[in-house]
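Student: Below: sequence and its predicted model.
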Amino acid sequence: MKALGLALVVFFMGNHPCQGRVLHPSPPPEANNSWNVAPSPPSQGLEYIGSPCFRPYLLIAAVGDNSALGSPAWLDDSPGRSFDMLAMYYGNDTAFSCPSCVGTFRHPGAKWKLLHLLASRPEWDRVMQPYQAFMVTDDDLLMAPHDLDIGFDVFSRHSLDLGQLSVCPSPDSYTWWELMYQNSSNTLRYTAFVENMAPMFSKSMLTKHVLPHLEDASIGWGLDFLWPFLLRYARESVGVVDAVCMTHPSTKPESGSSIYATTHEKGWTPRQERDKLMKHWKINTAAYRRHGLKLAPMQTQFAAVPLPPAGYVLPPSSYCPTPIAPWRPEAGVESLASARWVRNGIRVVFLCSVASCSAAWYCRRCCRTKRASIAPP
C-alpha cells in the first residue's frame with residue numbers, strides 16, 4: 001500500500017456495491033484539461049480507507065517516529081484478528097504509512113488532544129459506527145495481537161465499560177500503580193481505576209463520558225480519575241484484564257521522540273492538567289467516601305474472576321475469512337480513474353472485488369476484470 005499521504009474526508013456511498021471512499025478535499029488545483037493531474041503533497045488530516053473485514057473492535061494508537069506500534073510485527077493480517085487499527089500519527093516522516101491500518105490521522109500533539117481533533121471531524125461517526133469497543137494506546141507499549149484479541153474478548157464477555165490490559169510484572173516493565181500489575185491467577189479484576197496509557201472503552205462509554213471531556217486534554221493526566229468517577233465507581237463496569245498483560249518499557253525513548261514530549265496549548269504541565277481537571281469535577285477524598293470507597297481509586301479492587309485451570313481460551317473465530325484486498329492499480333490506471341475527482345479538489349480510493357462491479361464507470365474502472373476496458377467519460 002502506498003504511504004497514506006493526503007488528508008481525507010470519508011464519504012460512504014450508502015449500499016453502493018463499489019464501497020467507494022472519497023478522500024478529504026485538498027485545495028482545488030488549477031483548471032487542467034489533462035487526466036494526469038499530480039497529487040497534492042502530504043498534509044494534516046484523516047486518511048481513511050476502511051476495512052474489508054468485519055472486526056468488532058478498533059485500536060486507536062498514537063504513533064510517532066520511534067513507536068513500538070509502528071513495528072510490522074505488531075499487527076498481523078491473520079483472519080482471526082478481532083481488531084482494526086487506526087493510527088494517530090504525530091511524527092514528522094512524510095513517508096510514514098501503516099499498511100495494516102484502516103486509516104491514519106496526521107496531526108502534531110499528544111494523544112488525547114489528537115483523539116479530540118479526530119472525533120471532531122464530520123466523518124468520525126461513520127468511522128466508529130462498525131465497532132463495539134475501543135482501545136486508545138500510547139506509543140511505547142508492547143502488546144501481541146493475540147493478547148489484544150484476548151483482552152478485547154474478556155472486556156466484551158464481561159460487559160465492561162472501562163478497562164485495560166494488566167501490566168507485565170517484569171524488571172523491564174513498569175506502572176505507577178501497583179494495582180495495575182498482572183495477577184496471573186485471575187482472568188479479570190473489577191477495580192475503581194485504570195490508567196490512561198491504554199484504556200479500553202465500550203462505545204457508550206467513549207461517546208458519553210470520554211469524547212465530551214477532551215477539550216482541555218493533552219497528555220491526559222487526571223482522565224483516569226475522571227472516567228470511573230463518571231461511572232459512579234460502578235462495581236462491575238471497570239476492570240483490569242489479567243488473562244494477558246502488556247509491557248510498558250522501563251527505558252524511555254530519547255528526548256523529543258515520545259508523545260509525552262509535547263507542550264499543552266495552554267502552557268500547563270501534566271500535573272497542572274490533572275489538578276485543574278480534578279478540581280473542576282470535585283474528585284477528592286470526600287467524593288470517594290460518598291461512593292463507598294474506603295481507599296483511593298487506584299488502590300481499590302472490588303472482586304476478581306479466577307482464571308480457568310486450562311487458561312483463557314478464545315473461541316474459534318474468523319473475522320476476515322475471505323478478505324477483499326484493496327485494489328492495486330496497474331501503471332497508468334490510477335491517474336485515469338482518479339483524475340476527474342482530483343480536478344474537482346477530491347481524490348478517490350476504491351475497495352472493490354470482482355463481484356462488486358456496477359455500471360458506474362468509476363466502479364468498473366477499479367474492478368479487476370474490467371478496468372482495462374473502460375474508458376473515462
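Tutor: Perfect, I can see it now.
Student: which residues in the stretch 51-200 of the chain form strands?
Tutor: Using DSSP state E, counting those that start in this stretch, the strands found in the stretch 51-200 of the chain span residues 57-63, 83-89, 103-106, 133-137, 162-167, 186-191, 200-202.
Student: Next secondary structure element downstream of the shortest one?
Tutor: Scanning forward in sequence from strand 200-202, with DSSP states H and E defining helices and strands, the next element found is helix 203-205.
Student: Packing partners of the next helix or strand after that following helix?
Tutor: Per DSSP H and E, the first helix or strand lying C-terminal to helix 203-205 is helix 223-230. If you count contacts as 3 or more C-beta pairs under 8 Å, 6 or more residues apart in numbering; DSSP states H and E, helix 223-230 packs onto helix 270-281. (C-beta placed from N, C-alpha, C; glycine too.)
Student: and the longest strand anywhere in the chain, which residues are buried?
Tutor: Taking DSSP state E as the criterion, the chain has its longest strand at strand 238-246. Using 16 or more other C-beta atoms under 10 Å as the test for burial, strand 238-246 gives Val238, Gly239, Val240, Val241, Asp242, Ala243, Val244, Cys245, Met246.
Student: quick one on the thing from earlier: looking at the strands of the stretch 51-200 of the chain, spot the one closest to Leu293.
Tutor: strand 186-191 (10.9 Å; C-beta to C-beta).
Student: what's the closest one in contact with?
Tutor: 154, 158, 179, 183, 235-236, 238-243, 297, 300-308, 312 (C-beta atoms under 8 Å, 6 or more residues apart in numbering).
Student: what about the protein, any weak spots by pLDDT?
Tutor: 1-43, 68-79, 251-268, 321-377 (pLDDT under 70).
Student: rerun at 50
Tutor: Applying pLDDT under 50 to the chain flags residues 1-42, 70-73, 253-259, 323-377.
Student: Against which helices or strands is the longest strand of the chain packed?
Tutor: helix 145-157, strand 162-167, strand 186-191.
Student: returning to that earlier point: can you tell me which of the buried residues of strand 238-246 is closest to Leu214?
Tutor: Of the buried residues of strand 238-246, the one sitting nearest to Leu214 (C-beta to C-beta) turns out to be Val238, at 19.0 Å.
Student: Okay, and the beta partners of that closest one?
Tutor: Judged by DSSP bridges, the bridge partners of Val238 are Leu162.
Student: Is it correct that it is in contact with Gly163?
Tutor: Yes - look at Val238 against Gly163 with C-beta atoms under 8 Å: they come within range, at 6.6 Å.
Student: Common neighbours of those two, please.
Tutor: Val194.
Student: From Asn196, how far out is Trp221?
Tutor: 7 Å (C-beta to C-beta, to the nearest Å).
Student: Quick check: of the buried residues of strand 238-246, which lies closest to Ile60?
Tutor: Among these, and counting by C-beta to C-beta, the member closest to Ile60 is Met246, at 15.4 Å.
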